[in-house]
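Engineer: Build me a model:
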Amino acid sequence: DKGSVEKVCLEIGKLIGKLHANGIVHGDLTTSNMIKEDSQIYFLDFGLGEFSRRIEDQGVDLNLLMEALKSTHFKIFKTCWNNIVKGYNIEYTEAEKVLEKVEEIERRARYREH
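Structural biologist: Numbers count the residues shown, from 1 in each chain. Predicted coordinates:
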């Protein structure tokens, strides 16, 4: 139901915020690399992960998740993304800069498509 989707996505956003606040970029943030067990969410496969505090790298991380959500969970995309952003903002003081970067990355991608 919508309430549990919101809760899970808020938690995902908080976890990503904690990673980024600690200078960790996952590198392959998709829902395929997440497991929910009981009420805990775990991120898997940090094979492409790296230590980075660069806003660009963090933006690329979030942009990948956004694109993955759009393609795999398109029916609930808006609810998911809005709650991920809400959770991310709670945990990460640089969230606003990173989210601006996500929009910039999206614009660059659209520009290349035309």
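Engineer: tell me the pLDDT at the nearest residue to V98 once chain neighbours are set aside?
Structural biologist: Closest residue to V98 in three dimensions, ignoring its sequence neighbours and counting by Cβ to Cβ, 6 or more residues apart in numbering: Q58, at 4.6 Å. For glycine as for every other residue, the C-beta is placed from the backbone atoms N, C-alpha and C. Confidence per residue is given as pLDDT, and for Q58 that number is 98.
Engineer: go on, H114?
Structural biologist: The model reports H114 with a pLDDT of 60.
Engineer: Then A109?
Structural biologist: pLDDT, A109: 82.
Engineer: Please name the residues that touch the residue nearest the centre of the chain.
Structural biologist: Nearest to the mean C-alpha position of the chain, counting by Cα atoms, centre = their mean, stands L62 at 3.8 Å. If a contact means Cβ atoms under 8 Å, 6 or more residues apart in numbering, then L62 has I16, L29, Y88, V98, L99, V102 as its contacts.
Engineer: Could you pull out the helices in the protein for me?
Structural biologist: Remark: helices assigned in the chain by DSSP state H are 2-21, 55-72, 77-91, 95-113.
Engineer: As a markdown table, the ones you listed with distance to K36 would be great.
Structural biologist: Compiled in a markdown table, the helices of the chain are given as follows (distance: least, Cβ to Cβ, whole Å):
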| stretch | distance to K36 |
| --- | --- |
| helix 2-21 | 6 |
| helix 55-72 | 15 |
| helix 77-91 | 13 |
| helix 95-113 | 23 |
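Engineer: Out of the ones you listed, which gets nearest to F43?
Structural biologist: Closest approach to F43 among those (Cβ to Cβ): helix 2-21, 6.8 Å.
Engineer: report the angle between the axes of that closest one and helix 55-72?
Structural biologist: Helix 2-21 runs at 160 degrees relative to helix 55-72, counting by axes from the mean of the first three to the mean of the last three Cα atoms, to 10 degrees.
Engineer: Buried ones in helix 2-21, by neighbour count?
Structural biologist: Residues 6, 8-17, 19-21 are the ones in helix 2-21 that count as buried (16 or more other Cβ atoms under 10 Å).
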